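[1] this one's sequence-less:
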């Protein structure tokens, strides 16, 4: 079908408040908002300031009331434990009511904070929905997060209660959460009153009497008693959750998401961006600790009446690189949303997609990629093996949903490899130079968004309005600073070339590390790669490329490195001054798969650095240091 995108985007731009007022009708309000936007409220204005609702009611109760009681709401699949379970909306409501009752018995109420330190299990979803039901503000922190980092988040949000499990299960190890949590509480100046702990058989946690309570004992009893808790009436502008993102000062930035704008924006995206219908299965292969997990594991599908998936496994190794295909076949998944790094891992293990042939993946209409730049080579490979549209889209923790994307539900636009396509309604994306002047199409600059940000975006940082302004709104007055760099072409397609600090200056030439990575990824033997700028006394910076080879490549790494250097010289030119290519077994990544380029750069520059709290495997850093040392960097 022809895309309706241009008409829809124009309708938003012509009458933005009417546009979002109409979108808000999808939500069940207690008091429908009469005011769509108040420009005088908050840091840059607030959405639906006089409306009231309950997010948990919208995500669960109303579907039970409106005929979806027996429909699957949540699918849990755990290849690391062998457990599978499907919860209907009615069953989910019973569980949420039970946890809400337990939390209420603990004294949790409107405005209190509850920290969730959970693995990828259904109780993570149930726990946060219970918080939303009570009007408590949840803050999800990755299960297994380091004690010191966890303590900073406890100090910042002052949780009354912590929801946790005794352990998380990785393919090759069990991570005991309780010792980490006990250490974090010991380090923290603020102490939670109670812990509700789900004991998992793989590692039973020691309990502290009077503070620690067994999830099963209390919640199972509350389910049996059919405890019911009325959803709390919340202002649209009340906080729903706090999600921490690392701050440059070492003090975490707590991104706030409000109740009203969040529900409106996510409901709009399910149909218009993702092309999903109520009742269909939409799988975001992420973690509840990340923003993708918040928007499209915890909330989006449930608000819309679709089915969400909690997957306790990996794209490879649980048991193999066919894990995604098995999931699609088994649960008739309509759309899969994952990070490009997951597909690079699958491709590295199974470059010819032999495992795909074992499964029927005909239910899958679309593959969505986000979380980091989707290199054209990976997109092309996914298109070739799947034969469905592969849609890159770009967003941030702060925005909560896509800034730029390809709106499948409105009729997809032509895909351009390397671009997440076009601005979504609500986002007026502009490219500016360092003096905040607009630059012409095709020219690279800083990517900014004209204020106000649309519903669902952060209204502020948790108890840090001043820092909100300084971090995002001061450098480019009237705009939100994304801290990403890129350009917009003549057709309005956006290209994200990296963070602004990933633009390197080589002898006065501003060059994109993302552009160089595209070239490296095009080499037939390269599975994944990263390019950083390393300090150079003569040129200011010089590019340094790290490459991971595909499984089965038995050629000399030195030979491949020479070819890589020549490839960059041929494709980008001598101006890139690209002379250093280093083969490594793995790249250091966060648990969501983002490559830790900033840490790699600090190590290469011999600058002070600390082990990132979100790193997936700290041992990889030693390999990177040894490889740099071997090359004399």
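    Yes, it's here. Treat the numbers as computed from the prediction; the structure is a model and nothing was measured. Numbers count the residues shown, from 1 in each chain.
[2] For residue 148, give me the pLDDT.
    You'll see residue 148 listed with a pLDDT of 83.
[3] Residue 346 contacts residue 317, doesn't it?
    No: with contact defined as Cβ atoms under 8 Å, residue 346 does not reach residue 317; the gap is 10.7 Å. (Glycine included, C-beta is placed from N, CA and C.)
[4] Does residue 449 touch residue 482 like I think?
    Yes: in this structure, residue 449 is within contact of residue 482 by Cβ under 8 Å, at 6.5 Å.
[5] anything in contact with each of those two?
    The contact sets of residue 449 and residue 482 overlap at residue 403 (Cβ atoms under 8 Å, 6 or more residues apart in numbering).
[6] residue ranges for the strands of the stretch 451-600 of the chain, please.
    Assigned by DSSP state E, counting those that start in this stretch, the stretch 451-600 of the chain shows strands spanning 479-488, 494-499, 503-506, 509-512, 526-536, 540-549, 580-583.
[7] want to throw those strands into a markdown table with mean pLDDT?
    Conversion of these to a markdown table gives the following (pLDDT from 0 to 100):
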| stretch | mean pLDDT |
| --- | --- |
| strand 479-488 | 93 |
| strand 494-499 | 84 |
| strand 503-506 | 70 |
| strand 509-512 | 67 |
| strand 526-536 | 90 |
| strand 540-549 | 90 |
| strand 580-583 | 92 |
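[8] and of the ones you listed, who's closest to residue 363?
    Comparison of the strands of the stretch 451-600 of the chain against residue 363 by Cβ to Cβ identifies strand 526-536 as nearest, at 27.8 Å.
[9] Packing partners of the closest one?
    Counting contacts by 3 or more Cβ pairs under 8 Å, 6 or more residues apart in numbering; DSSP states H and E, strand 526-536 packs against helix 340-349, strand 503-506, helix 513-521, strand 540-549, helix 597-604.
[10] Report the buried residues of that strand.
    526-534, 536 (16 or more other Cβ atoms under 10 Å).
[11] Show the contacting residues for the residue positioned nearest the centre of the chain.
    In the chain, the residue lying closest to the centroid (Cα atoms, centre = their mean) is residue 292, at 3.2 Å. Each residue near residue 292 by Cβ under 8 Å, 6+ apart is listed here: 284, 286, 337, 370-371, 592.
[12] Before we go further, it is sitting in a helix, right?
    Yes: counting by DSSP: H, G, I helix; E, B strand; the rest coil, residue 292 falls inside a helix.
[13] re the thing from before, quick check on residue 346 and residue 317: which one has the bigger neighbour count.
    residue 346 (27 against 16; other Cβ atoms under 10 Å).
[14] Of the strands of the stretch 451-600 of the chain, give the one that comes closest to residue 235.
    With Cβ to Cβ as the criterion, residue 235 lies closest to strand 479-488 of these, at 23.2 Å.
[15] Contacts for the closest one, please.
    So strand 479-488 is contacted by 394, 396, 403, 429-432, 436, 439, 441-451, 453, 457, 471-473, 475, 494-503, 512 (Cβ under 8 Å, 6+ apart).
[16] Emit the PyMOL select command for whichever of those are buried.
    Command for PyMOL, covering only those of these found buried under the criterion 16+ other Cβ under 10 Å:
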select buried, resi 394+396+403+429+430+431+432+436+444+445+446+447+448+449+451+453+457+471+472+473+475+494+495+496+497+498+500+502+503+512
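[17] still on that earlier bit, turn the helices and strands packed on strand 526-536 into TSV, including distance to residue 187.
    Shown next, in TSV, are those (distance: least, Cβ to Cβ, whole Å):
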stretch	distance to residue 187
helix 340-349	31
strand 503-506	37
helix 513-521	36
strand 540-549	34
helix 597-604	23
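[18] Can you check which of the ones you listed gets nearest to residue 60?
    Across the helices and strands packed on strand 526-536, residue 60 has its closest neighbour in helix 340-349 (29.0 Å, Cβ to Cβ).
[19] next structured bit after that closest one?
    With elements assigned by DSSP states H and E, the helix or strand that comes after helix 340-349 is strand 366-369.
[20] residue ranges with poor pLDDT in this protein?
    Across the chain, residues meeting the criterion (pLDDT under 70) sit at 1, 246-250, 500-503, 505, 507-510, 592.
[21] Quickly list the domain ranges of it.
    Domain assignment of the chain by automatic domain parsing yields the ranges 99-232, 507-631.
[22] Tell me which of the strands of the stretch 451-600 of the chain sits nearest to residue 298.
    Ranking the strands of the stretch 451-600 of the chain by proximity to residue 298 (Cβ to Cβ) places strand 479-488 first, at 24.0 Å.
[23] which neighbours does the closest one have in its sheet, and in what orientation?
    strand 445-450 (antiparallel), strand 494-499 (antiparallel) (DSSP bridges).
[24] okay if I get those as CSV plus distance to residue 19?
    What follows is the strands paired with strand 479-488, written out as CSV (distance: least, Cβ to Cβ, whole Å):
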stretch, distance to residue 19
strand 445-450, 15
strand 494-499, 20
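[25] can you pull the contacts of the closest residue in space to residue 165 that isn't next to it in sequence?
    Among residues not flanking residue 165 along the chain, residue 198 sits closest, at 4.2 Å (Cβ to Cβ, 6 or more residues apart in numbering). By Cβ under 8 Å, 6+ apart, the residues touching residue 198 are 121, 123, 164-166, 215-216.
[26] what about burial for those, which qualify?
    Buried members of the contacts of residue 198, counted by 16+ other Cβ under 10 Å: 121, 123, 164-166, 215.
[27] residue ranges for the helices of the stretch 251-400 of the chain, please.
    Assignment of helices within the stretch 251-400 of the chain using DSSP state H, counting those that start in this stretch yields the ranges 259-272, 291-293, 300-304, 323-331, 340-349, 376-386.
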